[in-house]
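# return a 3D structure for these sequence lines:
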Amino acid sequence: MTMRHLIAILLQNEAGALTRVTGLISTRGYNIDSLSVAPTNDPTVSRVTLVTIGSDQVIAQINAQLLKLVDVVAVDDMTGGDTLSRELLLIKLQIAAGRVEDLNALLRRTGGRVLSSNPSSYIVELTSSEVEIGEFIANIAAFGAIVEVVRSGVLGISRANPHLHVLK
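Numbering: from 1, shown residues only. This is a model prediction of the structure:
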């Protein structure tokens with residue numbers, strides 16, 4: 001059965017390392033729906049969080065092949081586990097006259113906040129689940145014209161401690 005997979009990868013911070021990871025996935029005909037990369041508390045290692053769609057068997061095979069890459073330190077398919085996932089949204093709007101209070105009420109309900117309140121480019125931030133971000137974008141369109149949408153991609157962390165870590 002084909003399903004959505006959230007895969008966490010610890011990767012050495014080296015030129016071309018990310019290209020090798022994404023190349024391995026794309027050469028097998030899979031699209032990366034979401035990709036986020038940043039250094040960890042160890043500046044020589046970055047954490048990659050990617051979302052792709054495939055069967056459990058194919059994803060397990062890709063993960064095994066990822067581990068064979070010299071730059072890959074650890075891999076974990078976090079799908080179906082006890083995982084917290086979040087995405088950051090920055091959205092720029094042109095607010096319709098008289099809708100600011102309604103927008104502020106929506107932001108209070110959803111946990112969003114205003115970063116810039118210029119009516120021609122009202123910028124809002126929301127950190128939430130991927131589904132809630134999508135719903136928020138659909139709902140916020142009622143308050144004015146959406147000028148720009150920026151999404152971070154999904155980030156995930158396991159509640160298990162430690163789950164994905166560098167073996168020393």
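
# please, which helix or strand holds Ser116?
strand 113-118 (DSSP states H and E).

# kindly report the same for Val73.
Val73 is part of strand 72-77 when elements are defined by DSSP H and E.

# between strand 72-77 and the helix or strand that that strand is followed by, find me the angle.
Per DSSP H and E, the first helix or strand lying C-terminal to strand 72-77 is strand 83-95. Here strand 83-95 runs at an angle of 90 degrees relative to strand 72-77 (axes from the mean of the first three to the mean of the last three CA atoms, to 10 degrees).

# so how far is Ile9 from Pro50?
To be clear, residue 50 is Leu; Pro isn't right here. Taking CB to CB, to the nearest Å as the measure, Leu50 falls 7 Å from Ile9. For glycine as for every other residue, the C-beta is placed from the backbone atoms N, C-alpha and C.

# roughly how far does Lys92 sit from Val114?
Taken as CB to CB, the span from Lys92 to Val114 is 11 Å.

# got any residues that touch both of the two?
Common contacts of Lys92 and Val114 (CB atoms under 8 Å, 6 or more residues apart in numbering): 122-123.

# residue contacts, the closest residue to Glu148 other than its chain neighbours?
Of all residues not flanking Glu148 in the chain, Lys92 sits nearest, at 4.2 Å (CB to CB, 6 or more residues apart in numbering). By CB under 8 Å, 6+ apart, the contact list for Lys92 reads 121-123, 146-149.

# for this structure, what's the longest helix?
The single longest helix within the chain, with elements called by DSSP state H, is helix 56-68.

# could you export that one as CSV, CA atoms only?
Extracted as CSV, the C-alpha positions of helix 56-68 are listed here (Å, rounded to 0.1, in the frame of the first residue of the first chain):
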residue,chain,number,x,y,z
ASP,A,56,6.5,0.4,3.1
GLN,A,57,8.7,-2.0,1.2
VAL,A,58,10.0,0.6,-1.2
ILE,A,59,10.7,3.1,1.5
ALA,A,60,12.5,0.5,3.6
GLN,A,61,14.7,-0.3,0.5
ILE,A,62,15.4,3.4,-0.1
ASN,A,63,16.3,3.9,3.6
ALA,A,64,18.7,0.9,3.4
GLN,A,65,20.3,2.5,0.3
LEU,A,66,20.5,5.9,2.1
LEU,A,67,22.5,4.2,4.9
LYS,A,68,25.0,3.1,2.3
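
# flag every buried residue along that helix.
Buried positions in helix 56-68, judged by neighbour count with 16 or more other CB atoms under 10 Å: 58-59, 62-63, 66.

# neighbours around Asp71, how many?
Other residues lying near Asp71 total 20 when counted by other CB atoms under 10 Å.
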